[in-house]
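Asker: what follows is a predicted structure for the sequence shown.
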Amino acid sequence: MDYHEIDKKWQKAWDDARLFEGDVSNKDPYLITVAFPYVNGPQHIGHLRTFGIADVLARYKRMSGFNVLFPMAFHATGTPILAFAKRIRNNDQDLIKDLKLFHIPDSDIAKMTDPLFIADYFRNEIEKGMHEAGYSIDWRRKFVSIEPFFSKFVEWQFGILNSRGYLVKGKHPVGWCPNENNAVGMHDTKRDVEPEIEKVAGVKFKVEGEDTYFLCATYRPETTAGVTNLWVKKDSRYALCRIDGKDTFYVAKAASDILKYQMKVEPIGEISGSDLLSKRCLNPQSGASLPVFYGEFVDDAFGTGVVMSVPAHAPFDYAELEKLKSQGIAKDIKPIRVIEIPEGAHPEFSQTSSMPGYLDAPALAYIEMFKSQDSDDVLELATKQQYKEESHLGKMILEGYAGMGVQEAKAKITSQMLSSGKAMDLYILANSPVYCRCGYPIVVNVVDQWFLNYGNAQWKKQAKEAYSAINVLPEKSRKAFDSAIDWIDLRAVARSQGLGTRFPLEQDKIIESLSDSTIYMSFYTISNFLRGIDVEKLKPELFDYIFLGKGDAEAVSAGTGVGYETAKRCRESFEYWYRNTSRHSGPDLIFNHLTMYIFNHSTIFDKKYWPKQIVVNGSVLSEGEKMSKSLGNIVPLVDALGKYGADVMRTMVAAGADLFSDSEFSDEAARGLDERFGYLHEVAQRVSDSDGGELRHIDYWMYSRMNRKVREVTAQIEKLELRGVSTAVVYDSVLELKRYLSRAEPNGMVLKEYISNVVLMMAPMAPHIAEELWHDLGNENFVSIEKWPSPDESMISDKIEAEEALLDSIISDSKQVIALMKKAGKEPKSVTLIVADEWKRDLANELCKSKSIKSVIERLNGTDPAIAAPEREKAIKYVQQLAKKLNSMRVSETSQEEEFKLLEEASRYLYESLKYPVAIEQESKSKSQRASNALPQRPSIDIHS
RNA sequence: GCAGGGGUGGCAGAGCCUGGCCAAAUGCGACGGGCUUAGGACCCGCUUCCUUUAGAGGAUGCAAGAGUUCAAAUCUCUUCCCCUGCACCA
């Protein structure tokens, strides 16, 4: 098959027939929307999973009688496109190399210093790719999220959110580039590192004899009472500074340069590390007087550059003190335990409490433990291990907190120290250093920010109500939403940079790009009507009318200048399509976009228009790995289409795995699909309209399989279990056809009906090939809008299928016996199959129903005619023989006569499969020695040599 | 750490909700055979171990362990391991 020719041919035919343009009608609506693609890069096949699955649903629903609308738009707001343009301006070779991988010509790359060019370039590229993939999209409604008429819509949305009181102002820590003066997220860092911001406690240690403090950043404020000394860095400069206009502190100079972004830091003086050694300070918890030492491990640019020393609970501190002691310094320092791991609580250190002078799970022991691992980071590992175990298993032994779990104590002690002024909140960049793309190390900045308050109780309640009515596919992702709705809280909503809509409450800010796209799906219902209208006319009252039903078309038309007809049509279109919606996206969007989608819909729209269904799907793997530039395993969409054609690629991507799982993209899988499609094509071309005459057993089998398949596939596709659909439609059908064609001369009618149903069911996944086969079968209309088949339940027969399976087991058993004979040097000449007598069936079925050997034998001994057998002795022996199989036995619905007829009818098939003449006999009439071995559903096999 | 999803034969991947036709579908791979000039095409067989020269029987087995049950890949509990997300970023 020439896939490319077929793809092109049908895509053109669909376009010419305007098959996928959805307009208001009297049929039931079905609006399918996917997370719109971001136009900051070329398309690879990984992008197509969500789109492909949505398209399968769109096509299926269309065939099921719905009026389907599958629109598409493009996302371009935010910073990525600006960053992209900047990298091109800086002649970033990594990026340029990636673009060449996608066959983008140098002349186009050169123009990509312009963000708008980038957006338009990739919008075009993506649109073209989707078209070539055969997605049934109504392209009349497309738009880009940076277009002015869309901004008007977003402004209207934020007006509503503001009127609800959901926009609030507050402070928030963000990753920050001091060089560019801008917030920095993962996409703005070198090697795409996410800046990990952590809140830690800044504990204040009063300097003796001075009105000033040491400030120590710590993850473990609960061990403050165990602090024996402080550490500072040798040869480092320390600053004395006033923080937030209040107390003065000693912190490292380097640290103060970082801290100044999150708090007000006024330098007062400078001092060297060595000058600090002469000072002593007070433990804020115990009041003990503490010395200050040099610590080799101290990093003066991390935290505050002053570190508190807890040798009982921190291996670094312990090891450092041991070192000092060996030099005759710090001789008096003794570790102070505040936590212990109760005896027996620890699987390995059950004896720890007896270890000399130390904590229950001593630092020393951990250091020893990791020494043997030949690691450079012995102390690092030991620290993590001890922290983990103490926070899990440890109990406080500190006065006032004795017996309390460490995590609980940490929370209590922290809040108590904060409220009593013994500590303050600090943020640190846990994975520092992280570098901005510009090359500067990132710091933490606490900025004033506008937030959307998803933590608002009223709003949360409403979102939960909306969510409870949403059908989530797959079912197992439902729980994730429950936690997401509970968890989502303040969300920063405006940025100082980026493309997009200006934030109404602060005009120099841009609305953040996830926040501007929470209800845009509703915009599809009207985008085609609004295009071309002067944006100044798109006033809030217009949207109030369209989306909220406020006022009437006449007044709105008069007030805005938008035509009466247009306004009215928009309102109708929205009301119609938004009754029934399905939203599609990847699992990474559950915790942001999809949850925000639910929140925004619940507060803005009438209940009637709340979301009806959300579908979450996995991604696409290549060579077992997620597609990634660094792995070099990206398959550009154009390459995939060129190599495999649209349908193989579609089927592989959409149906290669179950909904939630990742699907594997491989040549191997492609070849498999290609072979099956080819086979189906071949068979379809051979089908004739000839009347095959009377239906035989194998024809009924084919009908049974076909109708069962229709029933199962319909159930599966409703739940979007596309893996099962493709297996049943593509793979199993081929197996069944092969069997049918080898079993007997095909009946033309049966074959045609079977293939037709297969083609109908493959149409959503492989629409081009389906159209081609559909026309091969003599049809003139589009399969894309043909009616989805429904099963004829009366044709589904377990009995007939079991009987056909019987033939196969007879063949396989016979082959086995023949092989054994040959091995023994005997040459088989013919095969006799002996069908068990009726009384054996009766007894077996009786046994099956009663599940009791005893009662059946009792009845045999009686005079119950229903289970009468010719010879009682033989019958009892037979029953006893069946005893072992009792649990796995099924009631046999096939009579002796039917079984006999089945074998007779299939004798040609049996002969062809076995290559020996086959005779069929009945047990009672057989002279064979083996006749009595016959069981129901298991004829005795007698092979003559 | 918290939250969510997982762990099945050489690999991929069904089965698990609703326990028993499950030594576990299907595909790929490996191996043996047939067809053939040849085969990446097609057909047949085989792919845990042991026993057995008539289609068989037995043992072990679905991350590990324990439990419920006449019966567990499937239900319950514990442990271990893997993946994803944890925010201002699309």
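Answerer: Now that the structure is in, tell me what you want to look at.
Asker: quick check: the nearest residue to residue A:206 once chain neighbours are set aside vs RNA strand B, distance?
Answerer: Spatially, and ignoring its direct neighbours in sequence, residue A:206 is nearest to residue A:282 (4.7 Å; Cβ to Cβ, 6 or more residues apart in numbering). In short, each C-beta sits where N, CA and C put it, glycine included. Distance of residue A:282 to RNA strand B, given as Cβ to the nearest atom of the strand, to the nearest Å: 32 Å.
Asker: got a list of what residue A:282 touches?
Answerer: Residues in contact with residue A:282 (Cβ atoms under 8 Å, 6 or more residues apart in numbering) are A:205, A:206, A:208, A:288, A:289, A:290.
Asker: CSV for these, including secondary structure, pLDDT and neighbour count?
Answerer: Shown next, in CSV, are those (DSSP: H, G, I helix; E, B strand; the rest coil; pLDDT from 0 to 100; neighbours: other Cβ atoms under 10 Å):
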residue, secondary structure, pLDDT, neighbour count
A:205, strand, 95, 25
A:206, strand, 94, 18
A:208, coil, 93, 11
A:288, coil, 92, 15
A:289, strand, 94, 10
A:290, strand, 93, 21
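Asker: OK, contacts around residue A:744?
Answerer: Counting by Cβ under 8 Å, 6+ apart, residue A:744 touches A:696, A:698, A:908, A:909.
Asker: I should have written residue A:769 there, sorry.
Answerer: Applying Cβ under 8 Å, 6+ apart, we find residue A:769 in contact with A:1, A:3, A:6, A:647, A:677, A:680, A:681, A:762.
Asker: can you tell me which of those residues lies nearest to residue A:304?
Answerer: residue A:647 (61.9 Å; Cβ to Cβ).
Asker: okay, now the closest one: neighbour count?
Answerer: Look at residue A:647: counted by other Cβ atoms under 10 Å, it has 27 neighbours.
Asker: tell me the SS of it?
Answerer: Under DSSP: H, G, I helix; E, B strand; the rest coil, residue A:647 falls in the helix class.
Asker: now, which of the contacts of residue A:282 lie close to RNA strand B?
Answerer: Subset of the contacts of residue A:282 in contact with RNA strand B: empty, counting by Cβ under 7 Å from any atom of the strand.
Asker: list just the nearest of the residues you listed to RNA strand B.
Answerer: Taking Cβ to the nearest atom of the strand as the measure, RNA strand B lies nearest residue A:205 of the contacts of residue A:282, at 27.6 Å.
Asker: quick one: that closest one from residue A:257, how far?
Answerer: 22 Å (Cβ to Cβ, to the nearest Å).
Asker: please apply the same query to residue A:520.
Answerer: Applying Cβ to Cβ, the value for residue A:520 to residue A:257 is 42 Å.
Asker: what about these two, which has more around it?
Answerer: Between residue A:520 and residue A:257, counted using other Cβ under 10 Å, residue A:520 has the larger neighbour count: 21 against 16.
Asker: which residues does that one contact?
Answerer: Counting by Cβ under 8 Å, 6+ apart, residue A:520 touches A:36, A:73, A:145, A:150, A:153.
Asker: closest to RNA strand B out of the contacts of residue A:744?
Answerer: residue A:909 (11.6 Å).
Asker: spatially nearest residue to the closest one (excluding sequence neighbours)?
Answerer: In this structure, residue A:909 finds its nearest non-sequential neighbour in residue A:743, 5.1 Å apart by Cβ to Cβ, 6+ apart.
Asker: who touches residue A:152 in this structure?
Answerer: Listed by Cβ under 8 Å, 6+ apart, the contact set of residue A:152 reads A:535, A:538, A:539, A:543.
Asker: quick one, grab the pLDDT at the first one.
Answerer: Predicted confidence (pLDDT) for residue A:535: 95.
Asker: my guess is it contacts residue A:150. True?
Answerer: No - here residue A:535 lies out of contact with residue A:150, judged by Cβ atoms under 8 Å, at a distance of 9.5 Å.
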